[in-house]
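A.B. asks: Provided below for reference: sequence and predicted model.
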Amino acid sequence: MILRTLFLAVVLLAGSCSSPQAASHRRPNILVVVSDDQSWNSASWFKTPAFDRVAREGALFTHAFATSPGCSPSRASMLTGRYPWQIEEAGTHASSFPTRYVTYPDLLERSGYAVGMTGKGWGPGDWKVSGRTRNPAGTEFQDRKFVPPYRSISDNDYAANFADFLQKRGKRQPFCFWFGSNEPHRDYKNDVGLEDGAGRKAGKKLADAGVPPFLPDTPEVRSDLLDIAVETEWFDLQLGRMIQLLEEAGELDNTLIIVTSDNGTSFPCAKANLYESGIRVPLAIRWPARIPAGRRVKELTSLIDLTPTILEAAGVARPETDPMAGKSLLGAGGAPRRPVISGRERHTSARKDNLGYPSRAIRTADYLHIRNLKPDRWPMGDPRCFDGKGELLPMHSGY
């Protein structure tokens with residue numbers, strides 16, 4: 001029964017509004033859009049018209065999961081099609097990215113694609129120490145800046161940088177672009193009772209916030225949620241501007257657009273944890289050539305499948321020397337493995353000797369099972385940490 005359900009999920013994406021042969025004269029552009037710390041359910045009370053359009057005109061995945069609840073390992077999985085525990089240092093938070101693990105932007109560039117990125121690519125981490133000459137997500141376009149409307153929102157003019165990239169690429173050259181928003185990542189401000197807070201400036205009220213059941217319903221939490229809403233809507237606005245640029249260039253329908261997030265929202269029991277709100281993320285994919293509009297996929301899906309999906313869409317073969325665990329969502333790559341699995345080693349350097357809190361999770365249609373491999377350690381870090389000189393800091397300084 002499970003295999004039959006999986007086959008139906010693949011069929012949903014294998015359908016076509018137009019024959020693949022009719023679109024084969026041009027390879028599709030690839031636009032991957034990644035928000036920073038957004039759980040799957042956070043959009044339910046936000047205004048996200050651009051995301052809604054991608055989902056309405058393509059496929060909405062209601063049960064999509066990241067391979068890790070942290071930025072660096074999750075993004076590395078998306079870029080390589082491999083699990084965090086298969087890519088060494090790249091599978092830990094704020095580490096390095098060995099050059100032997102090839103990314104899909106590199107593969108597409110070798111096949112003739114123009115490759116670029118703006119915002120947050122792979123990170124946090126040091127890709128230079130590994131001998132790389134650029135961020136694993138592509139060549140950076142970060143020059144366009146502006147004065148942001150709210151505190152904690154990046155001054156990066158994402159859409160303007162995307163426009164620069166489009167102008168610079170070769171005429172009629174297919175492109176692969178990564179838009180990594182810095183929103184809705186913390187730091188949020190405690191705007192309770194303040195009229196100049198982001199939520200208040202945007203016309204939102206504490207009563208508007210939808211508080212998840214695992215969080216205390218307090219004014220401080222509601223204030224954070226208002227800031228998350230403002231930043232998520234800002235991210236969606238940038239996505240809308242990029243879609244408009246594609247429309248103006250006549251490239252929209254020849255562009256595979258993937259919109260998702262790297263991990264869950266930055267709250268307890270979410271980001272950096274393998275609970276549902278730490279690994280379940282939004283996902284919508286639009287590509288009229290292969291994905292009929294209005295699809296709603298309820299089957300479990302992993303973000304590890306994005307790289308194989310992109311390679312199949314672009315007609316680029318997987319490297320035989322670097323096998324990928326992911327399976328294409330377009331059908332030709334075979335039935336995806338289910339259930340989905342996720343894991344973490346450490347989220348940050350919060351323990352002596354840089355020790356982590358390794359965990360693994362398996363999610364089926366009905367259950368989420370988490371195994372903590374070192375339960376004797378403090379889950380969120382030691383109460384006391386060491387500074388750069390090796391001196392022990394006060395109690396409660398290290399979580």
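C.D. replies: Cool, the structure landed.
A.B. asks: how many neighbours does the closest residue to residue 118 other than its chain neighbours have?
C.D. replies: In space, and not counting its chain neighbours, residue 118 is closest to residue 161: 4.0 Å by C-beta to C-beta, 6 or more residues apart in numbering. For the C-beta atoms, the positions are set from N, CA and C on the backbone; glycine is no exception. For residue 161, the count of nearby residues is 24 (other C-beta atoms under 10 Å).
A.B. asks: Phi, psi for residue 161 please.
C.D. replies: phi -70, psi -40 (degrees, to the nearest 10).
A.B. asks: what residues are up against it?
C.D. replies: 118, 141-144 (C-beta atoms under 8 Å, 6 or more residues apart in numbering).
A.B. asks: Surely residue 32 and residue 162 touch.
C.D. replies: No: with contact defined as C-beta atoms under 8 Å, residue 32 does not count as touching residue 162 (11.9 Å).
A.B. asks: Now the common contact residues for those two.
C.D. replies: Joint contacts of residue 32 and residue 162 (C-beta under 8 Å, 6+ apart) are 177, 179.
A.B. asks: Break down this protein into its strands, ranges please.
C.D. replies: 29-35, 59-65, 114-119, 175-180, 255-261, 280-286, 295-297, 301-302, 340-344, 359-363, 368-372 (DSSP state E).
A.B. asks: Name the member of the contacts of residue 161 with the most neighbours.
C.D. replies: Neighbour-wise, the contacts of residue 161 (other C-beta under 10 Å) top out at residue 118, 28 neighbours.
A.B. asks: what about residue 114, distance to residue 207?
C.D. replies: 47 Å (C-beta to C-beta, to the nearest Å).
A.B. asks: For these two, indicate the residue with more neighbours.
C.D. replies: residue 114 (19 against 6).
A.B. asks: Surely the more buried one is in contact with residue 173?
C.D. replies: Yes: using C-beta under 8 Å, residue 114 is in contact with residue 173, at 5.0 Å.
A.B. asks: Counting by contacts, list what the lengthiest helix in the chain packs against.
C.D. replies: When the chain is parsed with DSSP state H, its longest helix is helix 219-248. Contact analysis of helix 219-248 by 3 or more C-beta pairs under 8 Å, 6 or more residues apart in numbering; DSSP states H and E lists strand 29-35, helix 49-56, helix 158-168, strand 175-180, helix 198-201, strand 255-261 as its packing neighbours.
A.B. asks: Quick one: those as CSV, columns for distance to residue 83 and mean pLDDT too.
C.D. replies: Below are those laid out as CSV (distance: least, C-beta to C-beta, whole Å; pLDDT from 0 to 100):
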stretch, distance to residue 83, mean pLDDT
strand 29-35, 18, 98
helix 49-56, 26, 97
helix 158-168, 29, 98
strand 175-180, 20, 98
helix 198-201, 36, 75
strand 255-261, 17, 98
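A.B. asks: With distance to residue 303 added, can I get these in a markdown table?
C.D. replies: Below are the helices and strands packed on helix 219-248 laid out as a markdown table (distance: least, C-beta to C-beta, whole Å):
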| stretch | distance to residue 303 |
| --- | --- |
| strand 29-35 | 9 |
| helix 49-56 | 16 |
| helix 158-168 | 21 |
| strand 175-180 | 14 |
| helix 198-201 | 28 |
| strand 255-261 | 6 |
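A.B. asks: right, and these - which one's nearest residue 211?
C.D. replies: helix 198-201 (13.8 Å; C-beta to C-beta).
A.B. asks: what packs against that closest one?
C.D. replies: Using 3+ C-beta pairs under 8 Å, 6+ apart, helix 198-201 is in contact with helix 219-248.
A.B. asks: For stretch 37-47, the averaged confidence score.
C.D. replies: On average, the pLDDT along stretch 37-47 is 86.
A.B. asks: what comes into contact with that stretch?
C.D. replies: 51, 62-64, 71, 184-186, 208-210, 212, 228-229, 232-233, 235-236, 261-266, 270-271, 277-278, 280-282.
A.B. asks: Please apply the same query to stretch 357-376.
C.D. replies: In contact with stretch 357-376 (C-beta under 8 Å, 6+ apart) are residues 2, 65, 274-276, 279, 300, 338-347, 351, 355-356, 377-380.
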